[in-house]
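sequence unknown, structure follows:
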(Lines give C-alpha, C1' and ligand atoms only; values in the text may rest on other atoms or scores of the structure.)
Protein backbone atom coordinates (compact mmCIF):
# COMPACT_ATOMS: atom_id res chain seq x y z
CA UNK A 1 0.00 0.00 0.00
CA UNK A 2 1.38 3.48 -0.87
CA UNK A 3 2.52 5.61 2.06
CA UNK A 4 0.21 8.35 3.26
CA UNK A 5 1.16 11.68 1.67
CA UNK A 6 3.41 13.95 3.69
CA UNK A 7 2.00 17.48 3.68
CA UNK A 8 3.84 20.79 3.61
CA UNK A 9 1.79 23.63 5.18
CA UNK A 10 4.09 26.32 3.78
CA UNK A 11 3.71 25.00 0.25
CA UNK A 12 -0.04 24.57 0.65
CA UNK A 13 -0.53 28.12 1.93
CA UNK A 14 1.38 29.68 -0.97
CA UNK A 15 -1.97 29.87 -2.80
CA UNK A 16 -4.10 30.38 0.31
CA UNK A 17 -6.25 33.12 -1.18
CA UNK A 18 -7.30 31.06 -4.19
CA UNK A 19 -7.78 27.92 -2.10
CA UNK A 20 -9.93 29.66 0.52
CA UNK A 21 -12.35 31.20 -1.95
CA UNK A 22 -14.39 28.01 -2.56
CA UNK A 23 -14.77 27.54 1.20
CA UNK A 24 -16.06 31.10 1.54
CA UNK A 25 -18.52 30.45 -1.30
CA UNK A 26 -19.65 27.23 0.40
CA UNK A 27 -20.00 28.93 3.78
CA UNK A 28 -22.16 31.66 2.25
CA UNK A 29 -24.79 29.02 1.40
CA UNK A 30 -24.77 27.36 4.83
CA UNK A 31 -27.85 28.43 6.83
CA UNK A 32 -27.79 29.49 10.46
CA UNK A 33 -27.25 26.86 13.12
CA UNK A 34 -30.39 25.24 14.59
CA UNK A 35 -31.89 26.76 17.70
CA UNK A 36 -32.04 24.54 20.81
CA UNK A 37 -35.37 22.70 21.11
CA UNK A 38 -37.84 24.07 23.70
CA UNK A 39 -37.21 21.09 25.95
CA UNK A 40 -33.51 21.99 26.05
CA UNK A 41 -33.27 25.68 26.90
CA UNK A 42 -29.53 25.25 27.25
CA UNK A 43 -27.97 22.49 25.21
CA UNK A 44 -24.42 23.81 25.44
CA UNK A 45 -22.57 25.81 22.77
CA UNK A 46 -23.15 25.02 19.10
CA UNK A 47 -20.98 22.12 17.94
CA UNK A 48 -19.14 22.26 14.60
CA UNK A 49 -16.73 19.78 12.96
CA UNK A 50 -14.38 20.64 10.10
CA UNK A 51 -13.28 17.42 8.40
CA UNK A 52 -9.85 17.78 6.81
CA UNK A 53 -8.98 21.11 8.39
CA UNK A 54 -5.44 21.31 7.00
CA UNK A 55 -3.50 24.26 8.45
CA UNK A 56 -6.66 25.70 10.02
CA UNK A 57 -6.85 28.91 8.00
CA UNK A 58 -10.37 28.22 6.73
CA UNK A 59 -11.50 26.62 10.00
CA UNK A 60 -10.87 30.04 11.52
CA UNK A 61 -13.58 31.42 9.21
CA UNK A 62 -16.09 29.23 11.06
CA UNK A 63 -15.08 30.83 14.35
CA UNK A 64 -15.48 34.26 12.80
CA UNK A 65 -19.07 33.46 11.81
CA UNK A 66 -20.02 31.51 14.96
CA UNK A 67 -17.73 32.86 17.71
CA UNK A 68 -19.72 31.17 20.49
CA UNK A 69 -19.41 27.70 18.95
CA UNK A 70 -17.16 24.84 19.99
CA UNK A 71 -15.34 24.03 16.75
CA UNK A 72 -13.02 21.10 16.13
CA UNK A 73 -10.87 20.70 13.05
CA UNK A 74 -9.90 17.12 12.22
CA UNK A 75 -6.97 16.04 10.04
CA UNK A 76 -4.57 13.11 9.75
CA UNK A 77 -1.49 15.18 8.87
CA UNK A 78 0.76 15.97 11.87
CA UNK A 79 2.39 18.77 9.88
CA UNK A 80 -0.93 20.45 9.12
CA UNK A 81 -2.21 20.01 12.70
CA UNK A 82 0.95 21.54 14.15
CA UNK A 83 0.45 24.65 12.02
CA UNK A 84 -3.27 24.84 12.83
CA UNK A 85 -2.69 24.57 16.57
CA UNK A 86 0.12 27.10 16.55
CA UNK A 87 -1.81 29.74 14.62
CA UNK A 88 -5.51 29.23 15.34
CA UNK A 89 -6.29 27.06 18.39
CA UNK A 90 -7.75 28.51 21.57
CA UNK A 91 -10.67 30.56 22.87
CA UNK A 92 -12.68 32.55 20.35
CA UNK A 93 -14.09 36.06 20.57
CA UNK A 94 -17.61 35.02 21.54
CA UNK A 95 -16.71 32.56 24.30
CA UNK A 96 -16.36 29.54 22.06
CA UNK A 97 -13.27 27.47 21.34
CA UNK A 98 -11.32 26.27 18.34
CA UNK A 99 -9.40 22.98 18.67
CA UNK A 100 -7.61 20.64 16.27
CA UNK A 101 -7.56 16.86 16.65
CA UNK A 102 -5.89 14.00 14.77
CA UNK A 103 -8.49 11.81 13.03
CA UNK A 104 -9.03 9.83 9.85
CA UNK A 105 -12.02 11.26 7.98
CA UNK A 106 -12.64 7.81 6.48
CA UNK A 107 -13.61 6.48 9.92
CA UNK A 108 -14.54 9.62 11.90
CA UNK A 109 -17.94 9.48 13.58
CA UNK A 110 -19.56 12.30 15.58
CA UNK A 111 -19.40 11.36 19.25
CA UNK A 112 -22.09 13.90 20.15
CA UNK A 113 -24.80 15.78 18.24
CA UNK A 114 -23.42 18.39 15.87
CA UNK A 115 -25.02 21.49 14.41
CA UNK A 116 -22.72 21.61 11.39
CA UNK A 117 -20.33 19.13 9.78
CA UNK A 118 -18.32 20.76 7.01
CA UNK A 119 -15.45 19.71 4.78
CA UNK A 120 -13.30 21.68 2.36
CA UNK A 121 -11.41 19.92 -0.47
CA UNK A 122 -10.86 16.74 1.56
CA UNK A 123 -13.41 14.08 0.63
CA UNK A 124 -11.70 13.41 -2.71
CA UNK A 125 -8.96 11.75 -0.65
CA UNK A 126 -11.48 9.39 1.00
CA UNK A 127 -12.51 6.42 -1.19
CA UNK A 128 -16.20 5.70 -0.80
CA UNK A 129 -16.80 8.93 1.12
CA UNK A 130 -20.44 9.09 0.06
CA UNK A 131 -21.03 5.96 2.12
CA UNK A 132 -20.18 8.03 5.22
CA UNK A 133 -22.99 10.54 4.64
CA UNK A 134 -25.67 8.52 6.45
CA UNK A 135 -23.65 8.28 9.66
CA UNK A 136 -22.66 11.95 9.55
CA UNK A 137 -26.23 13.08 8.94
CA UNK A 138 -27.49 10.87 11.76
CA UNK A 139 -25.00 12.71 14.00
CA UNK A 140 -26.55 16.09 13.20
CA UNK A 141 -29.08 17.75 15.45
CA UNK A 142 -32.49 18.30 13.84
CA UNK A 143 -32.08 21.32 11.60
CA UNK A 144 -28.32 20.74 11.28
CA UNK A 145 -26.27 20.87 8.10
CA UNK A 146 -23.71 18.76 6.25
CA UNK A 147 -21.74 20.88 3.77
CA UNK A 148 -18.72 20.14 1.61
CA UNK A 149 -16.86 21.05 -1.54
CA UNK A 150 -14.55 18.83 -3.57
CA UNK A 151 -12.41 19.38 -6.66
CA UNK A 152 -14.11 18.26 -9.85
CA UNK A 153 -11.07 18.59 -12.09
CA UNK A 154 -9.65 15.07 -12.18
CA UNK A 155 -9.96 14.97 -15.97
CA UNK A 156 -8.16 18.34 -16.34
CA UNK A 157 -4.64 18.41 -17.84
CA UNK A 158 -3.07 19.00 -14.42
CA UNK A 159 -4.28 15.59 -13.22
CA UNK A 160 -4.39 13.70 -16.52
CA UNK A 161 -0.75 14.53 -17.31
CA UNK A 162 0.28 13.54 -13.79
CA UNK A 163 -1.38 10.14 -14.15
CA UNK A 164 0.07 9.54 -17.61
CA UNK A 165 3.60 10.29 -16.42
CA UNK A 166 3.15 8.13 -13.31
CA UNK A 167 2.18 5.20 -15.58
CA UNK A 168 5.25 5.61 -17.82
CA UNK A 169 7.89 2.82 -17.64
CA UNK A 170 10.36 4.86 -15.57
CA UNK A 171 7.89 5.55 -12.74
CA UNK A 172 5.15 2.91 -12.94
CA UNK A 173 6.65 0.49 -10.38
CA UNK A 174 7.20 3.12 -7.69
CA UNK A 175 4.01 5.10 -8.30
CA UNK A 176 1.49 2.29 -8.78
CA UNK A 177 -1.65 3.09 -6.83
CA UNK A 178 -0.53 6.51 -5.63
CA UNK A 179 -2.82 8.73 -7.72
CA UNK A 180 -6.56 9.22 -7.71
CA UNK A 181 -8.65 8.81 -10.84
CA UNK A 182 -11.59 10.67 -12.33
CA UNK A 183 -14.01 8.74 -10.09
CA UNK A 184 -12.48 10.17 -6.90
CA UNK A 185 -15.62 12.31 -6.58
CA UNK A 186 -19.22 11.84 -7.69
CA UNK A 187 -21.14 13.94 -10.19
CA UNK A 188 -23.28 16.76 -8.79
CA UNK A 189 -26.41 14.77 -9.69
CA UNK A 190 -25.13 11.72 -7.81
CA UNK A 191 -24.42 13.80 -4.70
CA UNK A 192 -27.91 15.30 -4.94
CA UNK A 193 -29.48 11.86 -5.16
CA UNK A 194 -27.44 10.52 -2.22
CA UNK A 195 -28.27 13.43 0.06
CA UNK A 196 -31.97 13.71 -0.77
CA UNK A 197 -32.22 9.93 -0.45
CA UNK A 198 -31.10 10.36 3.16
CA UNK A 199 -33.99 12.70 3.88
CA UNK A 200 -32.16 16.01 3.49
CA UNK A 201 -33.03 19.12 1.57
CA UNK A 202 -29.97 19.48 -0.65
CA UNK A 203 -28.43 22.34 -2.60
CA UNK A 204 -25.78 21.03 -5.02
CA UNK A 205 -23.93 23.05 -7.63
CA UNK A 206 -20.64 23.34 -9.49
CA UNK A 207 -18.37 26.25 -10.35
CA UNK A 208 -15.30 26.56 -12.52
CA UNK A 209 -12.91 29.15 -11.13
CA UNK A 210 -10.43 30.74 -13.50
CA UNK A 211 -7.51 31.40 -11.19
CA UNK A 212 -4.87 33.74 -12.59
CA UNK A 213 -1.61 32.47 -11.11
CA UNK A 214 1.66 34.34 -11.10
CA UNK A 215 5.31 33.39 -10.78
CA UNK A 216 7.44 30.74 -12.48
CA UNK A 217 5.62 27.47 -13.21
CA UNK A 218 2.68 28.41 -10.96
CA UNK A 219 0.53 25.39 -11.85
CA UNK A 220 3.35 23.07 -10.79
CA UNK A 221 3.73 25.12 -7.63
CA UNK A 222 -0.02 24.73 -6.97
CA UNK A 223 -0.15 20.97 -7.41
CA UNK A 224 2.99 20.46 -5.30
CA UNK A 225 0.86 21.70 -2.40
CA UNK A 226 -2.01 19.26 -3.02
CA UNK A 227 -2.51 16.68 -5.77
CA UNK A 228 1.18 15.92 -6.31
CA UNK A 229 1.84 15.12 -2.63
CA UNK A 230 1.47 11.32 -3.10
CA UNK A 231 4.09 11.36 -5.88
CA UNK A 232 6.50 13.52 -3.89
CA UNK A 233 6.09 11.21 -0.90
CA UNK A 234 6.56 8.01 -2.93
CA UNK A 235 9.74 9.38 -4.56
CA UNK A 236 11.18 11.04 -1.44
CA UNK A 237 13.92 8.40 -1.14
CA UNK A 238 14.73 8.52 -4.87
CA UNK A 239 15.83 12.13 -5.47
CA UNK A 240 17.00 11.63 -9.07
CA UNK A 241 13.70 10.04 -10.10
CA UNK A 242 11.82 12.71 -8.15
CA UNK A 243 13.61 15.48 -10.02
CA UNK A 244 13.14 13.71 -13.35
CA UNK A 245 9.40 13.45 -12.70
CA UNK A 246 9.18 17.12 -11.80
CA UNK A 247 11.15 18.17 -14.88
CA UNK A 248 8.97 16.18 -17.29
CA UNK A 249 5.76 17.22 -15.56
CA UNK A 250 6.85 20.89 -15.53
CA UNK A 251 7.37 20.86 -19.28
CA UNK A 252 3.98 19.24 -19.88
CA UNK A 253 2.22 21.77 -17.65
CA UNK A 254 3.88 24.70 -19.41
CA UNK A 255 2.42 23.46 -22.69
CA UNK A 256 -1.02 22.75 -21.22
CA UNK A 257 -1.25 26.04 -19.30
CA UNK A 258 0.64 28.70 -21.30
CA UNK A 259 1.54 31.90 -19.49
CA UNK A 260 0.14 35.23 -20.67
CA UNK A 261 1.33 38.77 -20.11
CA UNK A 262 -0.81 38.94 -16.97
CA UNK A 263 -0.22 35.50 -15.49
CA UNK A 264 -1.17 31.86 -16.07
CA UNK A 265 -4.92 31.09 -16.30
CA UNK A 266 -5.72 27.93 -14.34
CA UNK A 267 -9.32 26.68 -14.71
CA UNK A 268 -10.44 24.72 -11.65
CA UNK A 269 -13.86 23.07 -11.41
CA UNK A 270 -15.33 22.39 -7.97
CA UNK A 271 -18.48 20.65 -6.77
CA UNK A 272 -20.43 21.94 -3.75
CA UNK A 273 -23.18 20.46 -1.59
CA UNK A 274 -25.18 21.78 1.36
CA UNK A 275 -27.55 19.22 2.89
CA UNK A 276 -30.05 20.40 5.54
CA UNK A 277 -31.49 17.88 7.97
CA UNK A 278 -35.17 18.40 8.69
CA UNK A 279 -35.94 20.00 12.05
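Done, it's in. It should be emphasised that the depicted structure is a prediction, and the values quoted were computed from it without experimental measurement. Numbering: from 1, shown residues only.

what helices and strands are in contact with whatever helix or strand residue 149 lives in?
Using DSSP states H and E, residue 149 sits in strand 140-151. Other elements packing on strand 140-151 under the criterion 3 or more Cβ pairs under 8 Å, 6 or more residues apart in numbering; DSSP states H and E are helix 16-28, strand 114-120, helix 133-138, strand 264-277. Bear in mind the C-beta positions are built from the backbone N, C-alpha and C, glycine included.

need the winner for burial among the ones you listed.
Highest mean neighbour count of the helices and strands packed on strand 140-151: strand 114-120, a mean of 25 (counted as mean count of other Cβ atoms under 10 Å).

centre of the chain to that one, how far?
The chain centre lies 12 Å from the centre of strand 114-120; the measure is Cα atoms, centre = their mean, to the nearest Å.

tilt between it and helix 16-28?
Angle, strand 114-120 to helix 16-28, by axes from the mean of the first three to the mean of the last three Cα atoms, to 10 degrees: 150 degrees.

from the chain's centre, how far out does stretch 163-175 sit?
The answer for stretch 163-175 is 26 Å, by Cα atoms, centre = their mean.

got the buried residues for that stretch?
Going by neighbour count (16 or more other Cβ atoms under 10 Å), the buried part of stretch 163-175 is 163, 165-166, 171, 174-175.

same question for stretch 224-238.
Buried residues in stretch 224-238, counting neighbours by 16+ other Cβ under 10 Å, are found at 224-235.

quote the end-to-end distance of it.
17 Å (Cα to Cα, to the nearest Å).

hey, where'd the strands end up in this protein?
47-51, 70-75, 90-91, 97-102, 114-120, 140-151, 200-213, 264-277 (DSSP state E).

and residue 3, how many neighbours?
By other Cβ atoms under 10 Å, 10 other residues sit near residue 3.

again, but for residue 176
Number of residues near residue 176 (other Cβ under 10 Å) recorded here: 12.
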